[in-house]
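[1] need coordinates for the below:
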Amino acid sequence: MGDFTTKSQLWRSPGAEVWRSTLLQIPTLFGRLVYLASLRDPATGHYYHPVLAQSLGAEDADRSLCSSHHQVFQQWLGFSLEEQKSDLDEYLSFGSAPRYALPYRKLVPATAREVERQLYLTDLETLLELLKFERGGVFAIPEA
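    Numbers count the residues shown, from 1 in each chain. Purely as a prediction, here's the structure:
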C-alpha cells in the first residue's frame, strides 16, 4: 500500500472526524492557522494534540496536524487580499488574542515553500499596515 492509502485511511478514523469537527469550530481561517501553529513545539517542530495522539498515535497525529497546518495555510494564501482582510478582521473581533501581539511570522508551517512564505508575509504585512492606518496608529505591528 502506498502513502496515499495510509493517509486516506488515517483521515477516515474516528479521531480524524473529531479533529475535523474541532478545527471547523474555529470560524476563521486565520484563527485555524493560529491554533494549528500553537500545536507545534518550537523546539522540535513536532505537532501534538492529546486527543488526536491518543486516537492515531503520536507520529500519525504529528503528520496529520502538519498536513492540516499546511492545508489551512494554502487556503489562506488562496484568498484574495480582500478576503484575507475580512477573515483577519473577524479573527481580531473575537478579542481572544492581544492585537499588539499578533505572532504572524510564527504561523508559517515548516513545510511551506519560500515563495509561499514570502507571499504570506507580504500579504499579512500589507493587511497589518491597513489595520494600523484604519485605527489611527493604535494597532501596533510586532517586530520580526
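[2] what is the burial count for the residue lying closest to Leu65 once chain neighbours are set aside?
    Using C-beta to C-beta, 6 or more residues apart in numbering and skipping the chain neighbours, the partner closest in space to Leu65 is Tyr47 (3.4 Å). (C-beta placed from N, C-alpha, C; glycine too.) The number of residues packed near Tyr47 is 25, by other C-beta atoms under 10 Å.
[3] next, count neighbours for Leu119.
    That count, for Leu119 with other C-beta under 10 Å as the rule, works out to 14.
[4] cool, and Ser86?
    For Ser86, the neighbour count with other C-beta under 10 Å is 13.
[5] element containing it?
    Using DSSP states H and E, Ser86 sits within helix 81-93.
[6] now find how far off-centre that helix is within its chain.
    Taking C-alpha atoms, centre = their mean, to the nearest Å, one finds helix 81-93 lying 14 Å from the centre of the chain it belongs to.
[7] put the alpha carbons of it into CSV.
    As requested, the backbone C-alpha atoms of helix 81-93 are provided in CSV (Å, rounded to 0.1, in the frame of the first residue of the first chain):
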residue,chain,number,x,y,z
LEU,A,81,-6.4,40.3,-0.2
GLU,A,82,-10.0,41.5,0.4
GLU,A,83,-11.0,38.0,1.7
GLN,A,84,-7.9,37.9,3.9
LYS,A,85,-8.7,41.2,5.4
SER,A,86,-12.2,40.2,6.1
ASP,A,87,-11.1,37.0,7.7
LEU,A,88,-8.4,38.8,9.8
ASP,A,89,-10.9,41.4,10.9
GLU,A,90,-13.3,38.7,12.0
TYR,A,91,-10.5,36.9,13.9
LEU,A,92,-9.5,40.1,15.6
SER,A,93,-13.1,40.9,16.5
